[in-house]
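Q: sharing a model prediction with you, sequence too.
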Amino acid sequence: MSVAINVDNVVKKYGDLTIIPGLTEHIKNGEFFTLLGPSGCGKTTLLRMIAGFNSIEGGEIKFNEQVINDIPAHKRNIGMVFQSYAIFPHLTVRENVEYGLKLRKMPKDEMKKKVDKILDVVQITEYQDRLPERLSGGQQQRVALARAIVIHPSVLLMDEPLSNLDAKLRVEMRSAIREVQKQVGITTVYVTHDQEEALSISDRIAVMKKGVIQQTASPHTIYTRPYNVFVSTFIGHSNLFKGHIEAAGSEKTVVFADGYKMNMTTLSEEAADGQEVVISVRPEEFSICREGEGVRCKVATKVFLGKYVNYSLEFPEEMLVPDQPSIEYSQDLGHAEKLLEVGDTVYLKPNAMKINIFVADGSRSLMEGVVENE
Amino acid sequence: MNKRFQWDFWAWITLLSIVVFGLFLIYPLFSLFVSAFQDAATGNWSMQNFIHFFERKYYYQSMINSFTVTTSVTVLAVIIGTALAYFMTLYRVRCKSIVEICIIISLLSPPFIGAYSWILIGGRSGILTRYLAEYGINFPSIYGFAGILLVLTLKLYPFIYLYVAGAMKNIDSALIEAAESLGCSGIRKVVTIILPLITPTILAGALMVFMNAMADFGTPMLIGEGFNVMPVMIYSEFINEVGDQANFAAAMAAIMVLITSTIFMLQKYVVNRKSFTMSSLRPMQTGALHGVKNVVMHACIYLLVALSMIPQLVVIYTSFLKTNGSIFVDGYSLDSYIRIFNELGTAISNTYIFSTAAMAAIVFLGMTVAYLTTRRKSWLTDIIDTLTMFPYIIPGSVLGITLLLAFNEEPMLLSGTALIIIISLVIRRLPYTLRSSSAILYQLSPSLEEASISLGASPVKTFFKVTAVMMLPGVMSGAIISWITAINELSSSVILFTGATKTMSVAIYTEVIRASYGTAAALSTILTLTTITAMVIFFKVSGRRDVTL
């Protein structure tokens, strides 16, 4: 029942404004696929094109081998969960879940069995005769999920379904959605702007910016081996330094602007001697070291966050890629030997196995084995 | 969804609404303007009709009269309505809900009942006039300018009251507290904070009052006597047995539409520059007035309500009086009722049939066209949206004349039919229902419809199963108000009716003209009671305590 989705060179335009300039993506059958990006990047637009609520100005979308461009939304057999839940306020919980089945003219007893089962799966059996206005946000979202899944859709589409919930409930619903999705085994396209949510819930994530997919990969790859600077800074925090490559035979070294050198074993063939690069270091990839063994900087502010301490650092301007909000170091309190104070001058050593190197304009990774589409 | 055009349900609705508004509003209006510029005798283009109008004082005086009386009514209604809303919202008033219900009743009652019963009270042989005459006191004349002013002000101040009271409820008390914390209090607070906040609302209400007063036909016809106003003049020129006056009446109607549209644009211009939205988390608290102030406030409010209710009460009372021809005699009887059921039974049934048919059409068109113009926007629906504004500026009598002129001949012979009266009711009320339906739609999240579609319901099915179901309570409560105004409608029906399509309000008018006051009173009583019953249903359906028109 569940299908693979092939998005082939798809274009979305509103008048003269191009939202999606030509996007290709393959979503596997049964996979939990997340579209992640800042607001206005076109992720919801793409989702609504798959759903049939937005027209397609170019290219094709296929469910398995069937082109769906001209199939109206109500014949695409999709399940959709909306940001605003969109529970019918005039129907009870049970009637909401039954709605799609009734349209499919399912026999009464079979329908009852199915609805009972799905209500149990999403744990709202006890509220089945209530009107939606008497449910909490989390319960309403469970109803929406049940209503979308019960019709055995070919794909399940979710448009920021958790963004109206409070933080605690969000985490709880996150695992509920993941669990139900695995249980039913349905191809799911999930849209969110919350990177933590995307990392925790997805099989694969596509990071979008201005209608273009920047990278598609597993959560782990996206975080540890981002394809470009946008992905590395959008997912988590990355400190960006200017540098260049020094290569002697197979030995490759990356040199920071202040002359600090690091031996790198993870660079790709492309990295050439003398090439200008961007060095991306995550806050947790620094460790305090002795003078001369790392980059020199000064502690500007210090924020205590429980599990770790976050410092913002001051570097000489010529060492950094310009226009960065802050340069940060987070110190894991479980392993910290000494705490720093504001005003301290320290030497920090980046972890050569973890850091990422990009070409000078940030558009590509120079790490071995990193691909745009995994 | 699809770029290719399809003949789906919505295309039919688009076509239907274009046909309805095009055929029954634009085409007649257009033919009115055309005939205004035609010479009655030769059919040639000419400005003669307009020249004729502005040459004779008898005619252009009616325009001046209309303007003065309408402006006076608007100013008075604004002052009374705003003051009433201010005191009713901010201070504790005893029997507040009864006061409110009386105000709404007087707003929804047939427009000319006021004129007619004030004649019964203070006319030449009115109850009060004769009573005072016994003591040698000469009661000032109720006819003419003063009478129209009195009747229309009492009839129309509730518009302002309802609008302003609604706006006052939306003023957050924090705004007032902020003003007070900055050292502003008393009358300054009212002038610098409250008044500016409700000014856009007052202007909106004032427009309604102006339009209604300008277009009102029944009141000046009955009580105006020598004081001619435009609707009366248009009516009498049009009805004039000498057939060649239709073009002249059309010219006068054109002048009137010009005036109302100018006022409409002017108001829109001013309001657009000043408009803002308010919503209050915590409305202003009601306080109590004490001592003399409290007594004076209550006295004024009760006096006002009494004045507004007197016409209804007088009418109900006189309907049970024994009559002999046009004269009331001592004693009580049900003769008037027996006579109307015998002689005017069709008028009663017509009224209910026409207004119910109109209501059904209004509900259907209101919901579907509102859906078109809010959810399926295109240049075509924008045009429809603009067309639906037109009836606001067209006085009822003008609409009546335009319909009659346009559908007087084969193949589109509709004059004299029930259909044409129903159409005029639909055209006049539809804009109000459309506006409220659109407001409801803007509140409904489109994702509800998308959810239904994603579950497999086609867009049309979704509209009927989800959207319409959720709109219905709001639309129905609006429709009841439309029904009430339809049963009380006079100004266009009086032009469109024939013997077989007479409605109650037309019958009341003709009975009053014949000086058959008993039957007129009995008919009015039935109308008033129907109105009250419908209002009770409205309050039940909507769960509200106020009315928007």
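A: It's in.

Q: and the pLDDT for residue B:151?
A: Note for residue B:151: predicted pLDDT of 90.

Q: neighbours of the closest residue to it other than its chain neighbours, how many?
A: Take residue B:151 and drop its neighbours on the chain: the residue closest to it by C-beta to C-beta, 6 or more residues apart in numbering or on different chains is residue B:114, 4.2 Å away. For every residue, glycine as well, the C-beta is placed using N, CA and C. The number of residues packed near residue B:114 is 30, by other C-beta atoms under 10 Å in any protein chain shown.

Q: and what about residue B:114, helix, strand or coil?
A: Here residue B:114 is recorded as helix under DSSP: H, G, I helix; E, B strand; the rest coil.

Q: would you mind confirming that it is in contact with residue B:153?
A: No - using C-beta atoms under 8 Å, residue B:114 is not in contact with residue B:153; the gap is 9.7 Å.

Q: residues from the stretch 401-549 of chain B in reach of chain A?
A: Within the stretch 401-549 of chain B, the positions adjacent to chain A are B:445, B:447-448, B:450-459, B:461-462, B:466, B:469-470 by C-beta under 8 Å from any C-beta of the partner chain.

Q: just the pLDDT at the residue of the stretch 251-374 of chain A found nearest chain B, thanks.
A: Going by C-beta to the nearest C-beta, chain B is nearest to residue A:373 of the stretch 251-374 of chain A, at 28.1 Å. According to the prediction, residue A:373 has pLDDT 84.

Q: tell me what the nearest residue to it once chain neighbours are set aside is bridged to.
A: Using C-beta to C-beta, 6+ apart and skipping the chain neighbours, the partner closest in space to residue A:373 is residue A:216 (4.7 Å). As for beta bridges, residue A:216 partners with residue A:206, residue A:373 under DSSP bridges.

Q: residues contacting residue A:319?
A: A:241, A:242, A:256, A:257, A:258, A:295 (C-beta atoms under 8 Å, 6 or more residues apart in numbering or on different chains).

Q: how close does the residue lying closest to residue A:83 once chain neighbours are set aside sit to chain B?
A: Nearest in space to residue A:83, with sequence neighbours left out and distances taken as C-beta to C-beta, 6+ apart, is residue A:160 at 4.4 Å. As judged by C-beta to the nearest C-beta, to the nearest Å, residue A:160 and chain B stand 11 Å apart.

Q: correct me if wrong: residue A:160 contacts residue A:197.
A: No - if you go by C-beta under 8 Å, residue A:160 and residue A:197 don't touch, sitting 9.2 Å apart.

Q: quick check: can you list the domain ranges of the chain?
A: Here I'm looking at chain A. A:5-224, A:230-359 (automatic domain parsing).

Q: oops, chain B please
A: B:1-34+B:332-549, B:46-172+B:200-304.

Q: out of these, which comes closest to residue B:40?
A: domain B:46-172+B:200-304 (3.9 Å; C-beta to C-beta).

Q: measure that closest one end to end?
A: End-to-end distance for domain B:46-172+B:200-304, by C-alpha to C-alpha, to the nearest Å: 50 Å.

Q: stretch A:99-109 too?
A: So stretch A:99-109: terminal residues 15 Å apart, C-alpha to C-alpha.

Q: residues making contact with that stretch?
A: Residues contacting stretch A:99-109 (C-beta under 8 Å, 6+ apart): A:88, A:91, A:111, A:114-115, A:147, A:150-151, B:452, B:455-457, B:461.

Q: how about 10 Å then?
A: Contact partners of stretch A:99-109, identified using C-beta atoms under 10 Å, 6 or more residues apart in numbering or on different chains, comprise A:74, A:77, A:79, A:88, A:91, A:95, A:98, A:110-115, A:118, A:147-153, B:451-452, B:454-458, B:461-462, B:465-466.

Q: out of those residues, which sit inside helices?
A: Members of these lying in helices (criterion: DSSP state H): A:95, A:98, A:110-115, A:118, A:147-149, B:451-452, B:454, B:461-462.

Q: could you flag which of the contacts of stretch A:99-109 are buried?
A: A:74, A:77, A:79, A:88, A:91, A:95, A:98, A:111, A:114-115, A:118, A:147-151, A:153, B:451-452, B:454-458, B:462, B:465-466 (16 or more other C-beta atoms under 10 Å in any protein chain shown).

Q: what parts of chain B come near chain A?
A: Within reach of chain A by C-beta under 10 Å from any C-beta of the partner chain, chain B has these residues: B:1-4, B:6, B:444-462, B:465-466, B:469-470, B:472-473.

Q: picking up where we left off before, overlap in contacts of residue B:114 and residue B:153?
A: Shared contacts of residue B:114 and residue B:153, counting by C-beta under 10 Å, 6+ apart, come down to B:307, B:308.

Q: any quick ChimeraX command for the buried ones out of the contacts of residue A:319?
A: Burial among the contacts of residue A:319 is assessed by 16+ other C-beta under 10 Å; the matching ChimeraX selection reads:
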select /A:241,242,256,257,295
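
Q: hmm, which of the contacts of residue A:319 is lowest in pLDDT?
A: Out of these, that is residue A:258, at 86.

Q: touching, that residue and residue A:296? I think so.
A: Yes - judged on C-beta atoms under 10 Å, residue A:258 makes contact with residue A:296 at a distance of 6.8 Å.

Q: could you count how many residues lie near residue B:418?
A: Residue B:418 has 18 nearby residues by other C-beta under 10 Å.

Q: what's it sitting at in phi/psi?
A: Residue B:418 has phi and psi values of phi -70, psi -30 when expressed as degrees, to the nearest 10.

Q: now it. Nearest residue, chain neighbours left out?
A: residue B:501 (5.2 Å).

Q: how near is that neighbour to residue B:417?
A: 7 Å (C-beta to C-beta, to the nearest Å).

Q: shared neighbours of these two, anything?
A: With C-beta under 10 Å, 6+ apart, residue B:501 and residue B:417 have no common neighbours.

Q: out of those two, which sits in the busier spot?
A: residue B:501 (21 against 15).

Q: how near is the more buried one to chain A?
A: When residue B:501 is compared with chain A (using C-beta to the nearest C-beta), they lie 39 Å apart.

Q: if I pick the nearest residue to residue A:93 once chain neighbours are set aside, what's in contact with it?
A: Closest residue to residue A:93 apart from its sequence neighbours, by C-beta to C-beta, 6+ apart: residue A:128 at 4.9 Å. Contact analysis of residue A:128 by C-beta under 10 Å, 6+ apart lists A:92, A:93, A:94, A:95, A:96, A:97, A:115, A:116, A:119, A:143, A:146.

Q: please report how far the second one lies from chain B.
A: With distances defined as C-beta to the nearest C-beta, the gap from residue A:93 to chain B amounts to 14 Å.

Q: ramachandran angles for that residue?
A: Dihedral angles for residue A:93 - degrees, to the nearest 10 - are phi -50, psi -50.
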